[in-house]
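Peer 1: Compute the structure for the input listed below.
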Amino acid sequence: MLTVNPVLEALAALGEMPSVLQHRFIVQARQGAGGAVALHALTLGFVGMPLPGGAPHQKCSPNVLIVDSPDLSAPAPAEDPLAYELSYSVRRAQHKNIDLEMPSALASPPSGLP
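Peer 2: The predicted model follows:
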């Protein structure tokens, strides 16, 4: 999960170009079903046509992609232990620095879009 491969799969499903800018990998613990702690791996970054200007490490685009893993602390399905389903969402960027996008991305993770 901590690779850009899931992001590239999500971008292909969205019909976007295979590029993610200023991407970050995040491991997040949050309240899961029944109050138990759920552990998720998230990847977020700018996607879509980059805005002009800026150094390569400062390039951004108008959209932020958030890819979320299922609960990594839950047992894998017995019928296919390697299968898991990612969720993702794309929203308009509020900032030109992905680190400033993190608080809102972590507060409202993807809603389970396949």
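
Peer 1: where are the low-confidence patches of this structure?
Peer 2: Along the chain, the parts satisfying pLDDT under 70 run over 1-2, 109-114.

Peer 1: 90 instead?
Peer 2: Applying pLDDT under 90 to the chain flags residues 1-10, 13-19, 30-36, 48-59, 69-88, 104-114.

Peer 1: Please enumerate the strands of it.
Peer 2: 20-31, 37-47, 63-68, 87-92 (DSSP state E).

Peer 1: Neighbouring strands of the third one in the sheet, and parallel or not?
Peer 2: Next to strand 63-68 in the sheet, as set by DSSP bridges, lie strand 37-47 (antiparallel), strand 87-92 (antiparallel).

Peer 1: And stretch 87-106, what's buried?
Peer 2: Residues of stretch 87-106 classed as buried by neighbour count (16 or more other Cβ atoms under 10 Å): Ser87, Tyr88, Ser89, Val90, Ala93, Lys96, Ile98, Glu101, Met102, Ala105. Backbone N, C-alpha and C define where each C-beta goes, glycine included.

Peer 1: gap between the two ends of that stretch?
Peer 2: 14 Å (Cα to Cα, to the nearest Å).

Peer 1: and if you look at stretch 70-80?
Peer 2: Counting by Cα to Cα, you get 14 Å between the two ends of stretch 70-80.

Peer 1: cool, stretch 42-51 as well?
Peer 2: OK, stretch 42-51 end separation, Cα to Cα: 24 Å.

Peer 1: Assess the claim that Leu14 and Val90 are in contact.
Peer 2: Yes - counting by Cβ atoms under 8 Å, Leu14 does reach Val90; the two are 6.7 Å apart.

Peer 1: which strand residues sit across from Val90 in the sheet?
Peer 2: Going by DSSP bridges, Val90 forms beta bridges with Leu65.

Peer 1: show me what contacts it?
Peer 2: Leu14, Val47, Asn63, Val64, Leu65, Ile66 (Cβ atoms under 8 Å, 6 or more residues apart in numbering).

Peer 1: Understood, closing this out.
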